[in-house]
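Q: sequence and predicted structure are below.
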Amino acid sequence: MIYEYECKKCGTIHERVFKMSDFPKTVKCECGGQAKKILSIGAIHADTDVPWLPSASEVLVKHHEKPLTTRTEYRQYLKENHLAPIG
């Protein structure tokens, strides 16, 4: 699930992905402050729910290779080709 956290120090809202049974009540913010879980509508993080994957697949995958269709395939492709995601 995707959970939202709001930083007490800077007010930034962060999204983090955790298992439903394993989410922390606070996470560390980039500013060094603590971000507390806020009440929001949860979102399911599906392996195929990746709107940018087709364009990433066009850039990364060579014409003779199978296109990437899931987030798991994308991560595996990066790992096998010694690449790292940016952002």
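A: Yep, it's here.
Q: show me what the longest helix anywhere in the chain packs onto, helices and strands only.
A: Longest helix in the chain, counting residues (DSSP state H): helix 71-80. If you count contacts as 3 or more C-beta pairs under 8 Å, 6 or more residues apart in numbering; DSSP states H and E, helix 71-80 packs onto helix 53-60. To be clear about C-beta, it is placed using only N, CA and C from the backbone, and glycine gets the same treatment.
Q: pLDDT on the helix it packs on, on average?
A: For helix 53-60, mean pLDDT is 78.
Q: got the buried residues for it?
A: 53, 57 (16 or more other C-beta atoms under 10 Å).
Q: lowest-pLDDT helix or strand in the chain?
A: Lowest by mean pLDDT, DSSP states H and E among the helices and strands of the chain is helix 53-60, with a mean of 78.
Q: and the contacts of that one?
A: For helix 53-60, contacts defined as C-beta atoms under 8 Å, 6 or more residues apart in numbering pick out 67-71, 74, 77, 81, 83.
Q: now do that helix: distance to the chain's middle.
A: Computed by C-alpha atoms, centre = their mean, to the nearest Å, the chain-centroid distance of helix 53-60 equals 17 Å.
Q: pull the CA atoms of it into CSV?
A: C-alpha atoms of helix 53-60 as CSV (Å, rounded to 0.1, in the frame of the first residue of the first chain):
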residue,chain,number,x,y,z
LEU,A,53,6.8,1.9,-18.0
PRO,A,54,6.0,1.9,-21.7
SER,A,55,8.2,4.9,-22.4
ALA,A,56,11.0,3.6,-20.1
SER,A,57,10.8,0.3,-22.0
GLU,A,58,11.1,2.0,-25.4
VAL,A,59,14.3,3.8,-24.2
LEU,A,60,15.9,0.9,-22.4
